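Peer 1: Structure, please.
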Amino acid sequence: MAITTNSLAILTTLFPSAEAMGRVLTVGRLGLYAPEVYLRDILRSWSGGLEARADALPTYFDELLRACGAKHVSALDASNYEGADVIHDLNQPCPEVWTEAFDTVVDAGTLEHVFQLVTALATLMKMVKVGGRLVLFDMPTNNLSGHGFYQLSPIFFSETLSPAYGFRLDTLLVGEDAPYSTLREIPSATLYSGQRVEIVGSKPCFVYVVATKIAPFTGFQKPAMQPDYQIRWKEGAPAPVPTPSPSLLLRQRLANIAPPYFRFSHERNERRRLEASRLSRFPLWRKSSKVSR
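Peer 2: Numbers count the residues shown, from 1 in each chain. The predicted model follows:
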C-alpha cells in the first residue's frame, strides 16, 4: 500500500495544501512510491516553499503530510505492525465513535484485500464527515487477478458512491500500472448510460476515485445494482426470446464445415473487441484541470 506519482498528482489538484485536507485518515500506513525530485516538488508546493534535506525526505505519506503542515493524521490497520494508530479489522462494521470523524479518508490499495469488501467500503464511507472526501487510489480493475480477493469494475464505484448512499462521485480515473502513466477519465455519461464499461489491455490497470459526502451514510440496506439492469427492468417490456441472428447461425454452420474459418473469425472478433475496449477511448485527465466538484 503506497501513494504513487499518479496519486500525488490527483491529491495536489484536489487540495492546495496538506492542511486543507483537514483531519486525515489513511487506510494502512502508506509508503511513498515516487522519485525524490517529485517529492521535493510536493514539499515545496504544499508547505509554502519548504526545502527538504536529502536525509529528511519522508518515507511515509503521513510524514509528508505532517512535514507540509497537516495537524491531524491517523492510519488505520488491522494491527500496529506498520505503526498504525487506529486499530480495526475492516471485515467488521465501523464503531459508532468513528462516525464522521475525518475530513479526508485515503485508501491506496486496501479494499481489494479485505474479504468483506462491502463492509469495508461502508466503514470508510461512514467515517467521512459530510462535506468531506473519500479518496480511493490504485483500485485494481484489470489484469490483477492474483493481487487480492477482487478486481473492481468502475461501475462498482459509480453505483456505491452515489446520492442514494449519501455521496457524489466527483471523478473516476483509470490508468495503467506505471509511473507517470497517462490517466484517463471515465465520463459520467458512460458510467450511467447502461453500457458496460469494459477495460481490456495488456498491462494491469487501476481506477482512482474521488467522492464527496453530501449526506449521512446509513448503510447499504438496498443493494446497488448495475445500470444496464436498472434501465432494462424500468422499461417494463418482457425480455425478447433469445434467438440466434442469421449471421451467428451462418458462423455456426461454417464452424462445423470449416473449423479453420471459425478460428479465424473468432480471433478477428476478439481483436475488434480489444480495440473497442482500449483505454484511449476515454478522454485524457490533465493535472492542470480541476477535479470536477
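Peer 1: outside of stretch 6-16, which residues touch it?
Peer 2: For stretch 6-16, contacts defined as Cβ atoms under 8 Å, 6 or more residues apart in numbering pick out 3, 21, 34, 38, 42, 45-46, 104, 108, 133, 135, 137-138, 173, 175, 179-181, 183, 208, 210, 287, 289-291. No exception for glycine: its C-beta is placed from N, CA and C like everyone else's.
Peer 1: What subset of those residues is buried?
Peer 2: 3, 21, 34, 38, 42, 46, 104, 108, 133, 135, 137-138, 173, 175, 181, 183, 208, 210, 291 (16 or more other Cβ atoms under 10 Å).
Peer 1: thinking again about what came up before, could you tell me which of the contacts of stretch 6-16 belong to helices?
Peer 2: Among those, the members found in helices (DSSP state H) are Tyr38, Ile42, Ser45, Trp46.
Peer 1: and which of the residues you listed is nearest to Arg278?
Peer 2: Tyr38 (27.8 Å; Cβ to Cβ).
Peer 1: Quick check: that closest one vs Leu11, distance?
Peer 2: 12 Å (Cβ to Cβ, to the nearest Å).
Peer 1: same thing with Val241?
Peer 2: 52 Å.
Peer 1: Looking only at neighbour counts, state which of the two leads.
Peer 2: Neighbour count, other Cβ atoms under 10 Å: between Val241 and Leu11, Leu11 has more, with 23 against 5.
Peer 1: mean confidence for the helix or strand hosting the more buried one?
Peer 2: Per DSSP states H and E, Leu11 falls inside helix 5-14. Averaging pLDDT along helix 5-14 yields 92.
Peer 1: Report the backbone C-alpha coordinates of the next helix-or-strand element following it in PDB.
Peer 2: For helix 5-14, the succeeding helix or strand toward the C-terminus, using DSSP H and E, is strand 24-27. Extracted in PDB, the C-alpha atoms of strand 24-27 (Å, rounded to 0.1, in the frame of the first residue of the first chain):
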ATOM      1  CA  VAL A  24      -7.000  12.800   7.600                       C
ATOM      2  CA  LEU A  25      -7.300   9.000   7.900                       C
ATOM      3  CA  THR A  26      -5.100   6.800   5.700                       C
ATOM      4  CA  VAL A  27      -6.100   3.100   5.300                       C
END
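Peer 1: got the contact list for strand 24-27?
Peer 2: 1, 61-62, 65, 70, 72-77, 86, 90, 101-108, 110-111, 124, 127.
Peer 1: give me that answer again for 6 Å
Peer 2: Outside strand 24-27, the residues within contact range by Cβ atoms under 6 Å, 6 or more residues apart in numbering are Val73, Ser74, Ala75, Leu76, Phe102, Thr104, Val105, Val106, Asp107, Thr110.
Peer 1: go on, stretch 63-80?
Peer 2: 18-19, 23-29, 46-47, 58, 62, 84-86, 88-89.
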